[in-house]
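> sequence first, then the predicted structure, then my questions.
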Amino acid sequence: MKDRIEGIVDHVIYRNEDNGYTVLELIKKDNTNITVVGNMPPFDAGEAVAFDGEYVKHPVYDLQFRMDSYELRTLEDRESILRYLSSGAVKGIGQALAGRIVDRFDVDSFRIIEEEPERLAEVKGISIRKAMEISAAFEQRAASRNAFSFLQQYGLSNSLIQKIYDRYKDGLYDIIRKNPYRLIEDIDGVGFKTADTLAAAVGSVTDPRYRIRYGLLYILSQAEAEGNTCLKQEDLIKRAGDLLESGKDDTETALADLSIERKVMQKVDEDGDTLVFSASAFNAESECAAKLFDLNTFVRQDEKTIRAALEKIQKKQDIVLEESQFLAVTKAIENGVFILTGGPGTGKTTIIRVMLEYFANEGYEILLTAPTGRAAKRMSAATGYEAATIHRTLGVGGREGDAEKRRFSHDQENPLETDILIVDEMSMVDIYLFRSLLLAVAHGTKLILVGDENQLPSVGPGAVLKDLIGSGCFEVVTLSKIYRQSEAGDIVTNAHNIRLGRQIRLDNDSKDFFFLERNNAEKIIEGIDYLIKKKLPPYVGCTSEEIQVLSPMRKGTLGVENLNIRLQQILNPPEKRKWETETPAGIFRMGDKVMQIKNNYDLEWEITGKNGIVIETGKGVFNGDTGWIVSLSSSQIIVRFEDGRTVVYTNALFDEIELAYAITIHKSQGSEYPAVIIPVISGPSVLLNRNLLYTAVTRAKTCVVIMGSSDTVKSMIDNISELKRYTGLRERLKEVEMIHDA
């Protein structure tokens, strides 16, 4: 049974404007104070409120009241009215003036301000003009409160309500009742589902075509979340029928209207299928295609001169380039855009080192970048040159602009200052990040793209590397010969066998590649426990925290959600002196390994040196960044990431991190771990395929352990099916090529 408390708000201790999480001090009717916590609208000192909820004991702050709901009370006594007007809630009224108003009008003060504001001029220090301003401020505060009351009944968050009120003011009532779908375009954070739920709750939308229109845009946004930049028109219409229960004719009419308004773009592909793009996705692919051809100049070089220069470099680095490697370096020197691809152990890093020394000898400025912090760190270690993530290279926190172009400080108006830009792990780069990068590349800069096209595609929309290679528009060198097989052992050999569809030996005869037959999920979890805590750290020469469990899926006993709960208990169990906090996403505990699960371009970070002195600050934490919780409370979590950045997550941002003892194979792209454990028993064929297994195996530097069913592993190697991505970059490139060739 819930408790109820009533009283006057004394003061607000803390408030998070993003989600409304508030800590306030309430003076109860018996004149005792109690701290109230929870998600609530903005209350001012002096307001009378009744809260429903329960008493809880906080480990630090002792007894508190956790509210679930509230009810505003009318302020009727002189003391409460004076407290409210003295709080500063009403613009133009300070403490002294509040006292004079209440002295003059007593308990009738609120009515006078609202209904007879001209009478405020009877109070010393208030002119007729100031009286009108006070009344307007009082009414605005009341209007804001009414808006909260009106919108909260539809289940909207406090932060969203505030955004809606700030945008529409008193006009929000007509918009909500007539066309709540308009919020999708006007209010950041409102999607189709929110607007659709609101429309159903209000029940008085005047034009049903709004629903179909915004439903189509929503389906395209969902398709992007699945990795596509477009959909076949027939698939789009079918999805619309399933989601919206709309007829084909009405859907096609709405689609035609969106095309006329250029909210969507339609293109017929080489197979005769009509593809439908959101305007943002189509523009991103088109801009990338145009910029790449702008960069792709060709300058013929004297082969003898290049060979002579490379011979000196080979002697210095004590290496011998084979003809395919020599060709790769030559093509990179001659072409404005060059692509180097190949699997692990095929010599990509060797070629990059040679390129770097060649370009450095020629006096060129060089920048190295990669999609993730781990990939950038690995690139730095392998080449001896400093590398940074693409986001940090571009500089997060630049000018406001198109949301899809992000807010980077480097763009076409402020390009990167470099002659050579080398991008590693290109398979991870989605179309929007690639567009942002290309916008910042000045004409005349040489662009070298490096990656493995057999890795999983980017988490974001697009199949950029595959489309670039498949277009045939740029020089590509594909490396296939394994050069460091003896160094990497069976990891590299088995990775290439998997890529080629060859079955691998599933035994324990290897020194770095092991298979443990387990056909029971609980036995696998027990095995993971043993490997992480006892067996692998001394064998590999690393800590338990450095070993990564990679799962093909999120759900199920061996999905990352369940594995993380189990592994948290194993690797970071609760202790009396170890603080923890419960969130909607589960329990977070001091020392937990966590991962950022969405891009946040505005989240601030800092890097501290000795004695806690801040040596660098910045903005931006990105999907896949991994770190450890170093401090936490019910209102904030502090995470230190692998690259040394420290970030404070307030209550509103708790849903942006999750436990990372186990992560999906998709999330592991671009990373390398001393050892990986891959649990596989069974699952959907679209997930358990060759591409996924290949990516997981290539994440390990020293040791791979696969635990599960040998039949499943064999079927994964045989299974070449993967979710097809619908993209248009290859076609846009060919269109631009035709224009250039004309």
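Received it, and whenever you're ready, just let me know what you need.

> run through this protein and note the low-pLDDT ranges.
The chain contains residues with pLDDT under 70 at 1, 17-19, 59-61, 158-159, 204-206, 397-407, 483-488, 742.

> nearest residue to the middle of it?
When C-alpha atoms, centre = their mean is applied to the chain, the residue found nearest the centroid is residue 598 (1.7 Å).

> list the contacts of the nearest residue to residue 519 once chain neighbours are set aside.
The shortest distance from residue 519 to any residue other than its chain neighbours is 5.6 Å, reached at residue 709 (C-beta to C-beta, 6 or more residues apart in numbering). Quick note: C-beta positions are derived from backbone N, CA and C, even for glycine. Under the criterion of C-beta atoms under 8 Å, 6 or more residues apart in numbering, the contact list for residue 709 reads 517-519, 680-682.

> again, only this time at 7 Å
Contacts of residue 709 were listed using C-beta atoms under 7 Å, 6 or more residues apart in numbering, and they are 519, 680-682.

> just residue 681 next, same as before
Residues near residue 681 by C-beta under 7 Å, 6+ apart: 519, 521, 558, 708-709, 712.

> highest neighbour count among the contacts of residue 709?
Of all the contacts of residue 709, the highest neighbour tally under other C-beta atoms under 10 Å goes to residue 680, namely 26 neighbours.

> so that residue bridges to which residues?
residue 708 (DSSP bridges).

> same question, residue 335
The residues paired with residue 335 through beta bridges, assigned by DSSP bridges, are residue 298.

> show me what contacts it?
Counted by C-beta under 7 Å, 6+ apart, residue 335 has contacts 296, 298, 475.

> what about 8 Å?
By C-beta under 8 Å, 6+ apart, the contact set of residue 335 is 296-298, 446, 474-475.

> ok, residue 246 next?
By C-beta under 8 Å, 6+ apart, the contact list for residue 246 reads 211-212, 215, 240.

> just send the contacts of residue 335 back as a markdown table, with neighbour count and distance to residue 317 too.
A markdown table is the format used below for the contacts of residue 335 (neighbours: other C-beta atoms under 10 Å; distance: C-beta to C-beta, whole Å):
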| residue | neighbour count | distance to residue 317 |
| --- | --- | --- |
| 296 | 18 | 29 |
| 297 | 13 | 28 |
| 298 | 11 | 27 |
| 446 | 25 | 21 |
| 474 | 21 | 27 |
| 475 | 18 | 24 |
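
> skipping adjacent residues, who's closest to the residue of the chain positioned farthest from its centre in space?
Note on the chain: the largest C-alpha distance from the chain mean falls to residue 122, namely 57.3 Å (C-alpha atoms, centre = their mean). Setting aside the residues directly before and after it, residue 122 is nearest to residue 104 in space (C-beta to C-beta, 6+ apart), at 6.2 Å.

> just the element for the one you found, please.
Following DSSP states H and E, the helix or strand that holds residue 104 is helix 95-105.

> export that helix as CSV, just CAs?
Coordinates of the C-alpha atoms in helix 95-105 are reproduced here as CSV (Å, rounded to 0.1, in the frame of the first residue of the first chain):
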residue,chain,number,x,y,z
GLN,A,95,11.1,38.8,-1.2
ALA,A,96,10.4,42.4,-0.1
LEU,A,97,7.8,43.0,-2.7
ALA,A,98,6.1,39.7,-2.0
GLY,A,99,5.7,40.8,1.7
ARG,A,100,4.1,44.1,0.7
ILE,A,101,1.7,42.4,-1.7
VAL,A,102,0.6,39.9,0.9
ASP,A,103,0.4,42.7,3.6
ARG,A,104,-2.0,44.5,1.3
PHE,A,105,-4.2,41.7,-0.2
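
> residue 618 touches residue 602, doesn't it?
No - distance between residue 618 and residue 602: 11.1 Å, which falls outside the contact criterion (C-beta atoms under 8 Å).

> okay, those two: which has more neighbours?
A count of neighbours by other C-beta under 10 Å puts residue 618 above the other of residue 618 and residue 602, at 16 against 10.

> and the more buried one, how far from residue 210?
Using C-beta to C-beta, to the nearest Å, we find residue 618 at a distance of 41 Å from residue 210.

> follow-up on the earlier one: return the list of helices and strands in contact with the helix holding residue 104.
In terms of contact count using 3 or more C-beta pairs under 8 Å, 6 or more residues apart in numbering; DSSP states H and E, helix 95-105 is assigned the packing partners helix 78-86, helix 109-115.

> now that helix, how far from the chain's geometric center?
Centroid displacement of helix 95-105 relative to its chain, using C-alpha atoms, centre = their mean, to the nearest Å, is 51 Å.

> in that helix, what counts as buried?
Along helix 95-105, the positions that meet the burial threshold by neighbour count (16 or more other C-beta atoms under 10 Å) are 97-98, 100-102, 104-105.

> tell me where the stretch 51-200 of the chain has strands.
Using DSSP state E, counting those that start in this stretch, the strands assigned to the stretch 51-200 of the chain run over residues 62-73.

> thinking again about what came up before, got JSON lines for the contacts of residue 709, with distance to residue 490 too?
As requested, the contacts of residue 709 are arranged in JSON lines below (distance: C-beta to C-beta, whole Å):
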{"residue": "519", "distance to residue 490": "24"}
{"residue": "680", "distance to residue 490": "18"}
{"residue": "681", "distance to residue 490": "23"}
{"residue": "682", "distance to residue 490": "25"}
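
> which one of the buried residues of helix 95-105 sits closest to residue 64?
Residue 64 lies nearest to residue 98 out of the buried residues of helix 95-105, by C-beta to C-beta, at 29.8 Å.
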